[in-house]
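*Asks:* Can you look at this prediction? I've put the sequence above it.
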Amino acid sequence: MTPPRRVKLHEIAHCRAGDKGDTAILSLIAYRAEDFPVLRDGVTTDAVKRHMAGIIKGEIRRYELPKLQALQFVGEHALGGGVTVSLALDAHGKSLSYALLEMEIEVQAPPRPSP
């Protein structure tokens, strides 16, 4: 068995984002169906809270969408009060999706070329 290695989420998944008021909605979607269990096990609510500390300041909820090989995270108090009232230059969900894709997790699989 190969030793675990760390990968950034963008190596095995892509992300879609939305924002409603001060809430960010981030959908993490595996490129390949066989990578969904890795995402499901490695990208926990606690891991996302740690990774997005200081950005998403409220509760984070996770929803599993196994038929889509996706996880959806809903983060409260994430957009500086909301896109229309925030003083931040680019606080909406799309920029947060890129931040999530920089998160690293451990995987057991050997390295493979990116899609």
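*Replies:* All right, it came through fine.
*Asks:* What residues sit buried inside the top helix by length along the chain?
*Replies:* The single longest helix within the chain, with elements called by DSSP state H, is helix 93-101. Residues of helix 93-101 classed as buried: 93, 95, 96, 97, 100, 101 (neighbour count, 16 or more other Cβ atoms under 10 Å). Yep, even glycine has a C-beta here, placed from its N, CA and C like the rest.
*Asks:* what do you get for stretch 47-54?
*Replies:* Applying a neighbour-count criterion of 16+ other Cβ under 10 Å, one finds 48, 51, 52 buried in stretch 47-54.
*Asks:* can you tell me which of these lies nearest to residue 3?
*Replies:* Of all those, the one with the least separation from residue 3 (Cβ to Cβ) is residue 51, at 22.9 Å.
*Asks:* Let me have the buried residues of stretch 47-54 in JSON lines, adding secondary structure as columns.
*Replies:* Shown next, in JSON lines, are the buried residues of stretch 47-54 (DSSP: H, G, I helix; E, B strand; the rest coil):
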{"residue": "48", "secondary structure": "helix"}
{"residue": "51", "secondary structure": "helix"}
{"residue": "52", "secondary structure": "coil"}
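*Asks:* counting contacts, what elements does the longest helix of the chain pack onto?
*Replies:* Using 3 or more Cβ pairs under 8 Å, 6 or more residues apart in numbering; DSSP states H and E as the contact criterion, the secondary-structure elements in contact with helix 93-101 are strand 13-20, strand 23-30, helix 45-51.
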